[in-house]
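> return a 3D structure for these sequence lines:
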Amino acid sequence: MKKTIISLSFSFLLVACGQETEKVVSSITSNKGTLDELQIQKANYTLQIKGLTLALDSLNQKLEKISGSQKRVLVTALEIKPQIFNHTIEIQANIKTRKNLQLFPEFGGRLNQILVKEGQEVKKGTLLAVIDGAGLQDQLDQMKLQLELVKTTFERTQRLWDQKIGSEMMYLEAKTRFKSQQKQVAQMRNQLSKTKIYAPFSGVIDEIIARKGSTLAPGMTPIMRIVNLDNMYVESDVPENYLANITKGSLAKVSIPVLNVTQNTVVRQTGNFIQPNNRTFRVEAPIKNPTGMIKPNLNARLSIVDYSNLEALMIPFRVIRKNAKGNSFVFILTGQEENNGYIAEQRFVTLGMSKDELVEITKGVNTEDLIVDEGVSLLVTGQKVKRIEQ
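Next up is the predicted model:
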């Protein structure tokens with residue numbers, strides 16, 4: 001009904017304007033006034049035209065609003081909400097354990113006994129192998145007998161000296177021989193102990209390298225390897241530009257592609273030395289190995305959190321535009337009207353860290369702002385748009 005009345009009114013207005021126009025044209029053609037009079041009439045008619053134009057524009061706006069025919073660009077929008085954002089770096093890492101040791105002999109000689117087998121679990125202090133002592137035990141027994149003799153001599157000389165019998169020189173000589181013999185026995189015992197190989201820690205005999213009866217050279221011929229897989233860790237070299245952001249306690253994640261295993265961990269140690277050849281520093285993070293499947297020297301990927309924001313404002317890269325100067329901006333929906341009508345406002349923004357397809361906005365937008373997504377390439381600032389709900 002409203003539309004019909006407006007249409008009829010508009011028709012009557014056109015008819016009236018047409019009749020008025022005919023009268024004005026007739027008046028102008030019949031008017032033979034002076035130049036000044038004609039200019040005054042021209043000014044009056046110009047003012048009337050401007051007034052009618054303004055009235056017509058106002059009427060058109062009302063018609064568009066009522067009829068819903070107002071043209072607006074259709075867009076979608078994303079509401080900005082704070083979220084936890086962790087930026088990570090990913091680097092190649094190597095799995096290690098400090099309890100991975102090859103056992104070398106301290107005493108040279110023939111390997112007499114191997115008391116364990118490969119794959120056998122042993123406790124710390126377990127006797128693993130025995131090397132031929134080449135008569136060291138006989139020498140020790142003889143030294144013990146000699147020690148007993150000099151000990152008895154010293155004790156008797158001391159008793160006489162306490163009774164003021166004998167010379168002081170005899171007492172000192174007996175004491176010196178006794179102390180010297182004690183040290184010789186201790187040295188021989190230490191030498192003899194090197195003929196026996198004990199487990200330095202609890203673990204598994206991973207490999208027996210030497211064979212029974214082979215001749216061993218001190219510090220050169222390996223006997224066996226013992227490994228403990230309980231306390232594993234990953235080690236990696238990190239570029240020096242992350243030195244201020246990666247510290248002890250930084251959150252990290254370890255991925256082992258071969259085993260399809262991923263574990264959360266933390267950095268427990270950072271190096272205090274920058275490698276001059278590649279400008280990196282060392283980081284270390286522990287990992288768990290409950291099944292024993294993780295082995296030393298496996299390749300791994302280490303992701304370390306170098307930046308964290310608990311209330312980050314993140315938006316997709318696709319909604320960001322750049323002007324001729326290279327400044328980044330987005331379009332914000334403002335001035336909400338009925339039927340999801342808005343005004344598109346240009347906002348310049350400062351970009352922060354990025355991850356995947358999202359980037360952090362550190363300046364320029366606020367929480368709950370509506371960022372134009374689809375349709376952003378068609379916009380100019382101040383343009384009227386209509387938001388389509390997704």
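
> could you use CA atoms for every contact and neighbour count after this?
Fine.

> report the longest helix in this structure, please.
If you go by DSSP state H, the chain has its longest helix at helix 35-67.

> next one: that one to chain centre, how far?
The chain centroid and the centroid of helix 35-67 are separated by 68 Å, computed with CA atoms, centre = their mean, to the nearest Å.

> go on, stretch 145-153?
So, by CA atoms, centre = their mean, the centroid of stretch 145-153 is 70 Å from its chain's centroid.

> what sits up against that stretch?
Stretch 145-153 is touched from outside by 174, 177, 178, 181, 182, 185, with contacts defined as CA atoms under 8 Å, 6 or more residues apart in numbering.

> repeat the analysis, applying 6 Å as the threshold.
For stretch 145-153, the surrounding residues in contact (CA atoms under 6 Å, 6 or more residues apart in numbering) are 178, 181.

> for the stretch 101-250 of the chain, which segments count as helices?
136-162, 168-193 (DSSP state H, counting those that start in this stretch).

> mind checking which of these is nearest residue 57?
helix 168-193 (109.5 Å; CA to CA).

> report pLDDT for the spatially closest residue to residue 72 that is not a sequence neighbour.
Among residues not flanking residue 72 along the chain, residue 385 sits closest, at 4.6 Å (CA to CA, 6 or more residues apart in numbering). pLDDT recorded at residue 385 is 90.

> so which elements touch the helix or strand following the longest helix of the chain?
Sequence order places strand 73-75 as the next helix or strand after helix 35-67, per DSSP states H and E. Strand 73-75 sits against strand 384-387, with contacts defined as 3 or more CA pairs under 6 Å, 6 or more residues apart in numbering; DSSP states H and E.

> contacts for the strand it packs on, please.
Residues contacting strand 384-387 (CA under 6 Å, 6+ apart): 72, 73, 74, 75, 76, 340, 341, 342, 343.

> ok, 8 Å please
72, 73, 74, 75, 76, 77, 339, 340, 341, 342, 343, 344.

> what about the fifth one, distance to residue 349?
Going back to what we said before, that points to residue 76. According to CA to CA, to the nearest Å, residue 76 stands 20 Å off from residue 349.

> same question, residue 93
37 Å.

> same question for residue 338.
Relative to residue 349, and taking CA to CA, residue 338 is found at 28 Å.

> which non-adjacent residue is nearest residue 313?
Nearest residue to residue 313, sequence neighbours excluded (CA to CA, 6+ apart): residue 82, at 5.2 Å.

> returning to that earlier point: so for residue 93 and residue 349, which residue has more residues nearby?
Between residue 93 and residue 349, residue 93 has the larger neighbour count (other CA atoms under 10 Å), namely 24 against 17.

> so the more buried one: helix, strand or coil?
On the three-state scheme (DSSP: H, G, I helix; E, B strand; the rest coil), residue 93 is labelled strand.

> which strand residues bridge it?
residue 300 (DSSP bridges).

> residues touching it, list them.
234, 235, 236, 237, 299, 300, 301, 302.

> those residues: which two are farthest apart?
Spatially, the most separated pair among the contacts of residue 93 is 237 and 299, at 13.4 Å (CA to CA).

> those two: which is more packed in?
residue 237 (20 against 17).

> bridged to that one, which residues?
The partner residues for residue 237, given DSSP bridges, come to residue 282.

> for residue 164, see how far away it is.
Residue 237 is 74 Å from residue 164, by CA to CA.

> where does the prediction get shaky in the stretch 51-200 of the chain?
60-70 (pLDDT under 70).

> break the protein into its domains for me.
Domains of the chain are assigned by automatic domain parsing as 2-67, 73-84+312-387, 90-99+228-308, 100-226.

> on that earlier part again, ok, the residue nearest to residue 313 - how many residues close by?
14.

> please apply the same query to residue 220.
By other CA under 10 Å, neighbour count at residue 220 equals 12.

> can you check residue 53 too?
Residue 53 has 12 neighbouring residues, counting by other CA under 10 Å.

> how much space between it and residue 275?
Residue 53 is 79 Å from residue 275, where distance means CA to CA.

> and for residue 230?
In terms of CA to CA, residue 230 sits 29 Å off from residue 275.

> against residue 170, how distant is residue 160?
Taken as CA to CA, the span from residue 160 to residue 170 is 10 Å.

> what does residue 47 give?
Counting by CA to CA - residue 47 and residue 170 are separated by 143 Å.

> tally of neighbours for the closest residue to residue 234 other than its chain neighbours?
Of all residues not flanking residue 234 in the chain, residue 95 sits nearest, at 4.4 Å (CA to CA, 6+ apart). Neighbour count for residue 95, taken as other CA under 10 Å: 23.

> now residue 306
18.

> again, but for the one 10 residues further on
Here the number of neighbours of residue 316 (other CA under 10 Å) works out to 16.

> what's the answer for residue 320, then?
Neighbours of residue 320 using other CA under 10 Å come to 20.

> quick check, it in contact with residue 327.
No. Using CA atoms under 8 Å, residue 320 is not in contact with residue 327; the gap is 10.0 Å.

> which one is residue 79 nearest to, not counting chain neighbours?
Going by CA to CA, 6+ apart, residue 79 has residue 370 as its nearest residue, at 4.6 Å.

> again, but for residue 386
Per CA to CA, 6+ apart, closest to residue 386 is residue 341, 4.6 Å.

> so for the one you found, what's the pLDDT?
Reading off the model, residue 341 has pLDDT 89.

> residue 189: what's it in contact with?
Counted by CA under 8 Å, 6+ apart, residue 189 has contacts residue 140.

> from residue 183, how far off is it?
For residue 189 relative to residue 183 (CA to CA), the value is 10 Å.

> can you check residue 73 too?
Taking CA to CA, one finds residue 73 at 100 Å from residue 183.

> compare the two (neighbour count), which wins?
Neighbours per residue (other CA under 10 Å) separate residue 73 from residue 183, with residue 73 holding more: 16 against 12.

> now do the helix or strand residue 359 falls within: distance to the chain's middle.
In this assignment (DSSP H and E), residue 359 forms part of strand 358-363. A distance of 18 Å separates the centroid of the chain from that of strand 358-363, by CA atoms, centre = their mean.
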